[in-house]
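Novice: with the sequence up front, the predicted model follows.
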Amino acid sequence: MALRHVVNLSLFGVAFAQSVRGHATMASNFVFRQLFDTKSSTYTYLLGDAESKDAVLIDPVIEHAKRDAQLVKDLNLNLKFAINTHMHADHITGTGELKKLTNCKSVISKASGAKADIHIDESDVIEFGTHKLRVFSTPGHTNGCVTYYIPEQGMAFTGDALLIRGCGRTDFQEGNSTNLYENVHGKIFSLPDETILYPAHDYKGMMSTTVDEEKRLNPRLTKSLSEFVEIMENLNLAYPKMIDKALPANKACGLYDLPEEYQT
């Protein structure tokens, strides 16, 4: 019963192609905040409905769970869902802590293999007030990567699948360069050109981009598939510093083997 209230498993009778036509001006009752963690360069996004007061938080970081909960309170919102775009390897998610602080429910893709109150998949819809986040499965960086699209506001939250002038690495954690390329081109790049894209990370101080910009300017994803695969196979990146701590914790909603200050 609760799941039906939380996630509408239809696309409201419209096909994918119809769902990506244009977008309206940002609604007056839409609340949006972009937050940042300097250590992992992670963006966290607060989205809310000013009338119903329902809100969701995308990609929270455990060190900032209290900050995020306080912001929700300051804005007189009610956090319904703390959601992740994928199972992160560079930080511990704040969803578990936020559940304790706000009584929200945790959300992650079923394909991630991580624990959560709600598991989502392609074409699911997360509702908060009158607003709806549509779920697109965009694996390639990890098997469980999803993009959250809110067409009425012309926004998409791409996680690590598509970064600003870049993309997530594919050399660990089920990475697959071909899958990543095909999902970015087939789904994210199929959104209207003016759609504003918000990634999970940025390392150069950029805050957002657009579908049009990335289709024209992304130095990796403007290449052919074979060129892209070759680029990704030769990045020679260092082993992620936090992966051995982050993955076990994130498999348990961020509540496994935590530092003392987060244990209750």
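Specialist: Here it is on my side, so go on. Numbering: from 1, shown residues only.

Novice: okay, helices next: where are they in this structure?
Specialist: Using DSSP state H, the helices of the chain run over 2-6, 16-19, 65-74, 95-102, 177-186, 211-217, 225-233, 243-251.

Novice: so which of those gets nearest residue 141?
Specialist: Taking CB to CB, helix 177-186 is the member of these nearest to residue 141, at 6.0 Å. (C-beta placed from N, C-alpha, C; glycine too.)

Novice: and the closest one with helix 225-233, angle?
Specialist: 120 degrees (axes from the mean of the first three to the mean of the last three CA atoms, to 10 degrees).

Novice: from the middle of its chain, how far away would helix 177-186 be?
Specialist: 17 Å (CA atoms, centre = their mean, to the nearest Å).

Novice: quick one on the thing from earlier: let's have the helices of the chain in TSV, adding distance to residue 121.
Specialist: Listed next are those as TSV, based on distance: least, CB to CB, whole Å:
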stretch	distance to residue 121
helix 2-6	12
helix 16-19	14
helix 65-74	26
helix 95-102	18
helix 177-186	14
helix 211-217	23
helix 225-233	25
helix 243-251	18
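
Novice: most tightly packed of those helices?
Specialist: A comparison of the helices of the chain by mean neighbour count, using mean count of other CB atoms under 10 Å, puts helix 95-102 on top with a mean of 22.

Novice: quick one: contacts of that helix?
Specialist: 57, 60, 62, 65-66, 68-69, 72, 79, 82-84, 104-108, 116-117, 252-255, 262, 264 (CB atoms under 8 Å, 6 or more residues apart in numbering).
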